[in-house]
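A.B. asks: Based on what follows, work out the 3D shape:
(one chain, ligands or ions: 1)
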Amino acid sequence: MKRKNSTKTQTDPSKRPKKIQQSQNEGESINSKLDLSLIQNKSKPRASAVSTYTEGWDQIRPKLSDKMFNALQELGYEKTTPVQIATIPQLLKEKDVVVEAVTGSGKTLAFVVPLLELLDKKRPVNNKTAQKRISNEVYSIIISPTRELAQQIYKVVLQLLELTKSKHTASLAIGGSGGNEVEDAVELAKNGASILVGTPGRLEDIICGRVAGKPAVVCKNLEVLIMDEADRLLDMGFESQLKMIMSMIPKQRRTGLFSATMSEAVTELIRTGLRNPAKITVKVESNSLEGSEQKTPETLSIKYLVCPADRKLAQIFRLVASNPLQKYIVYFSTCAAVDYFYKLFSKYYGNIEKINAPSTDDKKMDVVVSSLHGQMDPKRRKLTFEKFTQLDTALTTAILICTDVASRGLDIPDVDCVIQWEPPTDPKAFPHRCGRTARAGRNGLAIVFLNPGREETYIEFMRIRKIPMSRMSYLLADLTPYQPSSTSDPQHELYPASSDDPQSLSILDHLRNSYVSTDRDIYEKSIKAFVSSVKSYQKHEASYIFSFKHLDLLTVANGYSLISLPKMPEFKSDDYTTFFTKFYKPNISDFDTIPYLDKPREKARLLKLNQKYEQKAHFAEKQRHKASDSAPSDSSNAKATDKHSANNSNSSWSNNKLKKLKRAERLTKKLNKAVAIERARSLSASADASQVDNIDDVLNRKIGGASGTSSLLSVYNTKHSK
Ligand SMILES: Nc1ncnc2c1ncn2[C@@H]1O[C@H](COP(=O)(O)OP(=O)(O)OP(=O)(O)O)[C@@H](O)[C@H]1O
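C.D. replies: Numbering: from 1, shown residues only. Model (predicted):
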């Protein structure tokens, strides 16, 4: 892993790619074989620190306009990257393109530059033409799968429009942006925008008129359609929107599909939406895959770390401790897992809740934790993304915890390390996640955790897909790499026995005791996170590697610092006992007693709980009346019972009565409990929220385990207190 004073890299001009093979022929693959020898450089990278520089912008044919050339120089883009030198001429020559090039290789400029140049050539906007132009005309559409990526592309477009002093305009069309959709559509209908950048659903609304009742824009003179992350657009189920948009725009247009990974599904899109496209594939010569190319940038080092699921958290904390003042992205598979681990990380690093708040002075913090996932409010997503992007790692360590919503296309400068808690369910997402680091020629490290055993096959699985990985050593508590002794059990070749690294597991107990069992919000999040992650594991496309039946669920649960196991069919009844004996010795017997730390929320919860018990009590009383009305007298009942046991007869009448009586007896007991609780509540009704703990004490004593797990815990506690 890169140390703080080691550097990100810049290519020595003398070591520029020796050979870039290009084909101007349609349908022929363009193979840019790159010699990516790098040199260390002590300074922070500049925008131009692209190790894959090839030719100058002036080498592009047909030539770029002077104003575009100058704008690119002004932005610090001194040379083109291979994908740019290969793609821009094709689009300028009005050819359709399908472009596959590794992450961080500069695909955005590869379509934005020719798009602006084409519009200036084919649809110039000046005083004369402006009069001829239909006011709400759109000349170009760029489609992106996510809001964040659309916003990022939009920024690049605006920057170049401004620097080239273009009269063209651009507009952002993304769902849930917090704006008024109707107003936006009316504004577009009035003034139009030469370029629309957006997500498929929102673009479809605007183009097909779903918002304003009729199309907000006129597309009959549309020149260029770009679909970025094309395979992802299809994976996300946007095919119908894409088809609808394509049906509303002229067939005589230029179309470009871009991604770092192309899938089978894209073939159909190419067939229906593109006309004889040039296929451009930028390949990277691999050092690790001998004689072959790889599908990830050469400056990206991908490592796997094999360890049991309950050591991952400690490994991450140790990694961060051994490499502070860096930017980390940690991927989880579900939104619920992100929410939970965001809380745990923030608590662990001691800056909970300040992080995503707008007014925080991040610079004062040592470790800034933030989170991002698709179910977050769009405004918060935007804010978090911007803040993480702007954080300066000279002053702070920054950790972004996220789902795959942040795996595609996002260009966050200076991300040093990407950590994957587990491989993504869709193997295609893997290089995209890794590719959030090592962008534009900088060095970067991506680490993926693998459970020992079957999951280690993933290394070969990725190698076949031209994604090389190497092993990373397990970090010990003193932050040195683990080295097995010659006498070590072969099972512990990759990581030590838990008895040799007790700190790794004691971190989990610390988190449980300090946070999960003291804050109901975190406790509930822990359960949701675990359940959602287990479900997600079952969805792995490579299910023969990620075999659910081989997953050690109890170790996974321990890795989540759970204090109770959720009721899931996947757990056998003795799993509960195993968990509470082997992994966690609970110090809590009733989960109803865990309070929300947020006082109004806790008050509302207690009120609800109270109502629940009142209802139960009411019901119990009704049942008792019913039972005593219809039951024979005690003596006759006793007689019946005696008779029943003496004769061992199975008279259905007496059996039913007996059951009813027993039920009534149970309900009466519950009623008595509820009455006692009610009494305790009315005593504390006038008490303020600070007395909540006392109420919990009462609850703790009076209410039995609410779930199967709590009863088990009670059994466990009883046994141990003996
Ligand atoms: N010619 C260039 N010279 C220097 N930097 C460049 C050049 N072109 C692009 N970059 C920078 O490279 C970074 C990555 O570019 P971009 O986001 O377009 O990559 P990408 O290929 O689209 O990656 P992904 O597949 O992850 O979406 C950006 O920060 C961009 O500013």
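
A.B. asks: Every contact and neighbour count from this point should use C-alpha atoms.
C.D. replies: Fine.

A.B. asks: How many neighbouring residues does the residue of the stretch 151-300 of the chain found nearest the ligand have?
C.D. replies: In the stretch 151-300 of the chain, the residue that lies nearest the ligand is residue 260 (4.9 Å; CA to the nearest ligand atom). Neighbour count for residue 260, taken as other CA atoms under 10 Å: 26.

A.B. asks: what sits against residue 158?
C.D. replies: By CA atoms under 8 Å, 6 or more residues apart in numbering, the residues touching residue 158 are residue 170.

A.B. asks: Repeat that for residue 526.
C.D. replies: 337, 340, 516, 560, 561, 562.

A.B. asks: Pick out the residue nearest the middle of this protein.
C.D. replies: Centroid-nearest residue in the chain: residue 403, 0.2 Å away (criterion: CA atoms, centre = their mean).

A.B. asks: For the stretch 251-400 of the chain, which segments count as helices?
C.D. replies: Applying DSSP state H, counting those that start in this stretch to the stretch 251-400 of the chain gives helices spanning 264-273, 312-322, 335-349, 378-390.

A.B. asks: would you turn the ones you listed into TSV with mean pLDDT and mean neighbour count?
C.D. replies: Listed next are the helices of the stretch 251-400 of the chain as TSV, based on pLDDT from 0 to 100; neighbours: other CA atoms under 10 Å:
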stretch	mean pLDDT	mean neighbour count
helix 264-273	90	14
helix 312-322	95	18
helix 335-349	96	22
helix 378-390	90	17
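
A.B. asks: about what we covered before: how about the contacts of residue 526 in JSON lines, adding distance to residue 71?
C.D. replies: Below are these laid out as JSON lines (distance: CA to CA, whole Å):
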{"residue": "337", "distance to residue 71": "43"}
{"residue": "340", "distance to residue 71": "44"}
{"residue": "516", "distance to residue 71": "53"}
{"residue": "560", "distance to residue 71": "50"}
{"residue": "561", "distance to residue 71": "52"}
{"residue": "562", "distance to residue 71": "54"}
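
A.B. asks: To residue 427, which of the helices of the stretch 251-400 of the chain lies closest?
C.D. replies: helix 264-273 (14.0 Å; CA to CA).

A.B. asks: now for the closest one, which elements pack on it?
C.D. replies: If you count contacts as 3 or more CA pairs under 8 Å, 6 or more residues apart in numbering; DSSP states H and E, helix 264-273 packs onto helix 230-235.

A.B. asks: So residue 203 is in contact with residue 188, correct?
C.D. replies: No - under the criterion of CA atoms under 8 Å, residue 203 makes no contact with residue 188, lying 11.7 Å away.

A.B. asks: Contact residues of the protein facing the ligand?
C.D. replies: 47-50, 77-81, 102-109, 259-260, 408-409, 411, 435, 439-440 (CA under 6 Å from any ligand atom).

A.B. asks: I'd assumed residue 259 was in contact with residue 230.
C.D. replies: Yes - Residue 230 lies in contact with residue 259 (CA under 8 Å); the separation is 6.1 Å.

A.B. asks: doesn't residue 606 fall inside a strand?
C.D. replies: No - applying DSSP: H, G, I helix; E, B strand; the rest coil, one finds residue 606 to be helix, outside a strand.

A.B. asks: roughly how far apart are it and residue 90?
C.D. replies: Distance of residue 606 to residue 90, given as CA to CA, to the nearest Å: 67 Å.
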